[in-house]
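# next come a sequence and a model predicted from it.
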Amino acid sequence: YFSFGFSIVSRDCLHSTVPQFYPIGKAMQDRIDSLCDEVAALRECLIKSGLLREEALLALMHRRRFSSELLEHPCALNATITDALATREMSFCLARLVGRRSTIALQGASRGL
């Protein structure tokens, strides 16, 4: 399925609608699938050999994606969790929902609680 922001279109529907683009799209998808398999195999080899920790890779990927989003959508990053939740009451409600352990972890990460 392909998403165009407002609807989902199946490959069959796309093929019947724009048949001249199907071979190009299929070749691109096949190449993407092949590259994804190759990356997954390399990742598995690096992790199994001890040269890469999965957590470190995931953290690096997160930072890179976050930096990319910040470039596209700049903003000031000086808000606290209290600012994000709008009121202290909302913060207390969240604390009750997530439990003591998560609340303590959140307090350690936020200067607003």
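The structure has been received and is ready for your questions. Numbering: from 1, shown residues only.

# now the strands for the protein?
Counting by DSSP state E, residue ranges of the strands within the chain are 2-3, 8-9.

# please report phi then psi for residue 52.
Note on residue 52: its backbone torsions stand at phi -140, psi 130 [degrees, to the nearest 10].

# list the contacts of it.
43, 46 (C-beta atoms under 8 Å, 6 or more residues apart in numbering). Placement of C-beta: from N, CA and C, glycine included.

# ok, 7 Å please
residue 46 (C-beta atoms under 7 Å, 6 or more residues apart in numbering).

# what's the answer for the one 10 residues further on, then?
Shown in contact with residue 62 (C-beta under 7 Å, 6+ apart): no residues.

# again, but for the one 10 residues further on
Contacts for residue 72 were tallied using C-beta under 7 Å, 6+ apart; there are none.

# buried set for the lengthiest helix in the chain?
In terms of residue count, the longest helix belonging to the chain (DSSP state H) is helix 22-49. Within helix 22-49, not a single residue qualifies as buried, counting by 16 or more other C-beta atoms under 10 Å.
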